[in-house]
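Student: coordinates only, sequence not included:
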Ligand SMILES: C[S@@+](CC[C@H](N)C(=O)[O-])C[C@H]1O[C@@H](n2cnc3c(N)ncnc32)[C@H](O)[C@@H]1O
């Protein structure tokens with residue numbers, strides 16, 4: 001596991017850990033635009049769109065520039081401040097909010113699509129189930145989740161997820177339309193790319209069916 005991919009082990013909470021990462025480093029995921037698979041299926045992503053764990057907003061801003069109504073949430077204030085500055089600099093409007101993704105289940109909002117680029121894979125199984133219940137709550141009945149997550153492998157932070165993990169997590173009330181290995185990009189300013197050598201990622205499109 002690399003300190004730049006997951007909260008520092010000595011951090012009091014995950015939120016404190018991510019806050020420290022944004023304050024002290026160039027995170028490997030922070031590429032200022034969507035990861036390649038989101039761009040490849042951009043035509044399939046409908047608004048209103050929730051970018052869950054949006055970081056500094058590169059993905060949200062990209063889809064807002066395509067004309068979608070976009071809400072981006074992250075629990076790190078600094079990330080949301082950078083995201084707001086990015087949207088302003090690019091002249092697009094995004095509803096960026098400091099919000100914990102574990103509170104989705106009680107949120108009075110509804111979306112046609114949700115993007116999760118690097119959040120779901122952070123959670124332990126019990127938290128993944130709570131998070132997925134929240135996703136189900138905010139997605140419209142036929143809405144779709146577009147998911148980008150660590151695949152299991154030697155350099156996967158936390159061990160990554162197997163195909164079976166994802167199939168099990170979304171077994172009830174969801175239909176997995178596709179689940180394939182995906183191309184990923186790394187922030188060129190990240191100081192330890194060797195830590196992530198050979199890392200594999202999943203990309204999935206998962207529809208809410210119940
Ligand atoms: C790997 S980063 C990905 C950021 C962004 N999606 C991207 O692709 O650049 C994961 C993001 O999720 C955020 N995050 C982690 N747990 C969260 C939670 N419970 N609620 C909201 N955001 C969370 C972190 O602050 C971080 O910005």
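Tutor: Okay, I see it. On a predicted model such as this, the values are computed, not experimentally measured, just so you know.

Student: what helix or strand is residue 17 on?
Tutor: Assigned by DSSP states H and E, residue 17 falls within helix 14-24.

Student: pLDDT (mean, whole number) over that helix?
Tutor: The pLDDT scores in helix 14-24 average 95.

Student: Which positions within it qualify as buried?
Tutor: Neighbour counts over helix 14-24 (16 or more other CB atoms under 10 Å) mark 14, 17-22 as buried. Just so you know, the C-beta spots here come from the backbone N, C-alpha and C atoms, and that holds for glycine as well.

Student: next SSE after it?
Tutor: Using DSSP H and E, the first helix or strand after helix 14-24 is helix 36-40.

Student: Return the residues of the chain in contact with the ligand.
Tutor: Contacts of the chain with the ligand, taken as CB under 6 Å from any ligand atom, map to 14, 18, 29-30, 53-55, 58-59, 73-76, 79, 100-102, 117-119, 122.

Student: circling back: and the helix holding residue 17, what does it pack onto?
Tutor: helix 77-90 (3 or more CB pairs under 8 Å, 6 or more residues apart in numbering; DSSP states H and E).

Student: Which residues does the helix it packs on contact?
Tutor: Contacts of helix 77-90 from elsewhere in the structure, counted by CB atoms under 8 Å, 6 or more residues apart in numbering, are 18-19, 22-23, 32, 54-58, 60-61, 64-65, 72, 74, 93-94, 96-98.

Student: In helices, which of those residues fall?
Tutor: 18-19, 22-23, 58, 60-61, 64-65 (DSSP state H).

Student: Now do the strands in this protein.
Tutor: Using DSSP state E, the strands of the chain run over residues 49-52, 70-74, 95-98, 111-117, 139-150, 174-182, 201-208.

Student: For stretch 42-60, what is the distance to the chain centroid?
Tutor: Mean-position distance between stretch 42-60 and its chain equals 9 Å (CA atoms, centre = their mean, to the nearest Å).

Student: Now that stretch: buried residues?
Tutor: For stretch 42-60, by 16+ other CB under 10 Å, it's 45, 47-60.
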